[in-house]
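1. dropping the sequence and predicted coords here.
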Amino acid sequence: MELLSAFGMKLDSTTMKVSIHEDNAGALVLGNTLPPGFTPRSKHYAIKTIWFREQIVKRGIKLLKIDTKEQLGDIFTKGLPEPAFIYLRQKLIGW
């Protein structure tokens, strides 16, 4: 925030629309649940989850369900079989 202030910019002045495409059902439930509801497995990261939810509401971020086969981030984070790699590469490049 200090860096933005040094350039005379405000963080709240953005008009950018943000959508997060998520294939993890648990992450979608935790991200969309207001007021915060936790499961026994999610209590240990409560602070991060609360901050994330606040940002979703504050910035108008949309959490969207996407099929696992369509998750473009997998091409960078997983060792994929060749057909899946080629499919995601084509979607990423736009071929």
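-> Arrived safely, thanks for sending. On a predicted model such as this, the values are computed, not experimentally measured, just so you know.

2. Leu30 - nearest residue in space that isn't next to it in sequence?
-> Thr49 (5.6 Å; CB to CB, 6 or more residues apart in numbering). Placement of C-beta: from N, CA and C, glycine included.

3. where does the spatially most central residue of the chain land in three-state SS?
-> With the centre of the chain defined as its mean C-alpha position, the nearest residue by CA atoms, centre = their mean is Ile20, 4.0 Å away. When classified by DSSP: H, G, I helix; E, B strand; the rest coil, Ile20 comes out as strand.

4. hey, what's it bridged with?
-> Using DSSP bridges, the beta-bridge partners of Ile20 come out as Leu63.

5. separation between it and Trp95?
-> As for Ile20, its distance to Trp95 is 25 Å (criterion: CB to CB, to the nearest Å).

6. show me where the protein has helices.
-> Counting by DSSP state H, the chain forms helices over residues 2-6, 25-32, 46-59, 74-77, 82-93, given from the N-terminal end onward.

7. TSV for those, including mean neighbour count, distance to Ile66 and mean pLDDT?
-> As requested, the helices of the chain are arranged in TSV below (neighbours: other CB atoms under 10 Å; distance: least, CB to CB, whole Å; pLDDT from 0 to 100):
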stretch	mean neighbour count	distance to Ile66	mean pLDDT
helix 2-6	8	31	75
helix 25-32	14	10	80
helix 46-59	13	17	78
helix 74-77	12	11	91
helix 82-93	12	12	93
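
8. hang on, the residue nearest to the centre of the chain packs against Ile66?
-> No. With contact defined as CB atoms under 8 Å, Ile20 does not count as touching Ile66 (9.4 Å).

9. quick one, grab the pLDDT at the nearest residue to Lys62 once chain neighbours are set aside.
-> The shortest distance from Lys62 to any residue other than its chain neighbours is 4.5 Å, reached at Ser19 (CB to CB, 6+ apart). As summarised for this prediction, Ser19 has a pLDDT of 88.

10. residues contacting Ser19?
-> With contact set as CB atoms under 8 Å, 6 or more residues apart in numbering, Ser19 has these partners: 61-64.

11. look up how far Pro81 lies from it.
-> As for Ser19, its distance to Pro81 is 28 Å (criterion: CB to CB).
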